[in-house]
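Peer 1: Build me a model from this:
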Amino acid sequence: MLLTIDVGNTNTVLGVFRGEELIANWRLTTARQQTVDEYGVLTRNLFTLAGLDRDSIGGVIISSVVPPVNWTLGEMARIYFGQKALFVEAGVKTGMSVLVDNPLEVGADRIVNGVAAFHKYGGPCIVVDFGTAITFDVVSERCEYLGGVIAPGLGISSEALFSRTAKLPRVEIKDPGKVIGTNTITHIQAGLYYGAVDMVDGMLTRIKAELGKDAAVVATGGQAKLVARGSKHIQHTDEFLTLTGLRIIWSKNQGVETAKTGGGTREPRSITDVKKIKN
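Peer 2: Have a look, this model is predicted:
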């Protein structure tokens, strides 16, 4: 079995795969100060509650955008699972060329999402990830990461509104059912929800126009299903897209797969592969 871990700024998601089947998953708060043993005990308890045997884990792969926890999780994998964790970083085979100015600036989760989306939905494709930030990632029909967009997430927007105003309350982020609210709570909910939907659809319209072609659009992350219900462009929601991408990248680095492309297969390439886009 394979343990996959995706560390985000707000949440850390763990998943266990038996072959290609995701048999267990958990979402935790990302705790930068937890020790190796605290993570180990927590993970051990989760496995026990799910009826899973830790000794059956044959590999651990981690994507992280929170560097302070990387050493801790690596040691947790070594001590509690007897495995050397594979981190998605420079030199790891992904099958995807990264065509941006500085590939090392791109978050590991964004590359992982792109790999999974291309594998499941083909290319070109666009991934919209609703996390602490809302990210848009664009993958070509040849499995090339072309770049993307970063915008404030719904939680950040909501918290900023609450913290910077004297009388506005915190509210549940939801579709209030209509744009014109009749009280302060529905006013805020309409602004947050329809503002996010229209921002996402507007950005997707611009991305598709710049691409000059249609593209599959898949959403993942905390508010993916909520926003997708109001979106004109989002075609798929995939709660476990990142975990799936981690499984695929793990397989590529075990020599199991070759990279998937629009015209067949080829040998996998590194996360840091860069080439110029031809005009």
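Peer 1: Contacts only, for the nearest residue to Asp214 once chain neighbours are set aside.
Peer 2: Counting by C-beta to C-beta, 6 or more residues apart in numbering, the nearest residue to Asp214 once its immediate chain neighbours are dropped is Lys208, at 6.3 Å. The C-beta positions use only the backbone N, C-alpha and C, and glycine is treated the same way. Going by C-beta atoms under 8 Å, 6 or more residues apart in numbering, Lys208 touches 126, 214-215, 233.
Peer 1: Tell me the one of those residues nearest Phe136?
Peer 2: Ile126 (6.2 Å; C-beta to C-beta).
Peer 1: what's around the closest one, how many residues?
Peer 2: Using other C-beta atoms under 10 Å, Ile126 is surrounded by 28 other residues.
Peer 1: How many residues are close by Phe17?
Peer 2: For Phe17, the neighbour count with other C-beta under 10 Å is 23.
Peer 1: how much space is there between it and Ile126?
Peer 2: Distance from Phe17 to Ile126, counting by C-beta to C-beta, to the nearest Å: 25 Å.
Peer 1: and what of Glu210?
Peer 2: Taken as C-beta to C-beta, the span from Glu210 to Ile126 is 11 Å.
Peer 1: tell me which residues of stretch 116-136 are tucked away?
Peer 2: 116-121, 123-136 (16 or more other C-beta atoms under 10 Å).
Peer 1: swap in stretch 195-211?
Peer 2: For stretch 195-211, burial by neighbour count (16+ other C-beta under 10 Å) applies to 196-197, 200-201, 203-204, 207-208.
Peer 1: Convert the C-alpha atoms of that stretch to PDB, please.
Peer 2: Extracted C-alpha coordinates of stretch 195-211, given in PDB (Å, rounded to 0.1, in the frame of the first residue of the first chain):
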ATOM      1  CA  GLY A 195     -18.100  37.100  -6.300                       C
ATOM      2  CA  ALA A 196     -16.100  33.900  -6.300                       C
ATOM      3  CA  VAL A 197     -18.300  32.200  -9.000                       C
ATOM      4  CA  ASP A 198     -18.000  35.200 -11.300                       C
ATOM      5  CA  MET A 199     -14.300  35.600 -10.700                       C
ATOM      6  CA  VAL A 200     -13.700  32.000 -11.500                       C
ATOM      7  CA  ASP A 201     -15.800  32.000 -14.600                       C
ATOM      8  CA  GLY A 202     -14.300  35.300 -15.800                       C
ATOM      9  CA  MET A 203     -10.800  34.000 -15.300                       C
ATOM     10  CA  LEU A 204     -11.600  30.700 -17.100                       C
ATOM     11  CA  THR A 205     -13.100  32.700 -20.000                       C
ATOM     12  CA  ARG A 206      -9.900  34.700 -20.300                       C
ATOM     13  CA  ILE A 207      -7.600  31.600 -20.000                       C
ATOM     14  CA  LYS A 208      -9.500  29.800 -22.700                       C
ATOM     15  CA  ALA A 209      -9.400  32.800 -25.000                       C
ATOM     16  CA  GLU A 210      -5.600  33.100 -24.400                       C
ATOM     17  CA  LEU A 211      -5.200  29.400 -25.100                       C
END
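Peer 1: three-state assignment of Lys84?
Peer 2: What DSSP: H, G, I helix; E, B strand; the rest coil gives for Lys84 is coil.
Peer 1: coming back round to it: rebuild the buried residues of stretch 195-211 as TSV, extending it with secondary structure and pLDDT.
Peer 2: Output for the buried residues of stretch 195-211, formatted as TSV (DSSP: H, G, I helix; E, B strand; the rest coil; pLDDT from 0 to 100):
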residue	secondary structure	pLDDT
Ala196	helix	95
Val197	helix	96
Val200	helix	97
Asp201	helix	97
Met203	helix	97
Leu204	helix	97
Ile207	helix	97
Lys208	helix	97
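Peer 1: Out of those residues, flag the one nearest to Ile23.
Peer 2: The closest of these, once distances to Ile23 are taken by C-beta to C-beta, is Val200, at 31.8 Å.
Peer 1: Please tell me how far that closest one sits from Gly221.
Peer 2: 12 Å.
Peer 1: anything in contact with each of these two?
Peer 2: Common neighbours of Val200 and Gly221, counting by C-beta under 8 Å, 6+ apart, are Val128.
Peer 1: Perfect, I'm done here.
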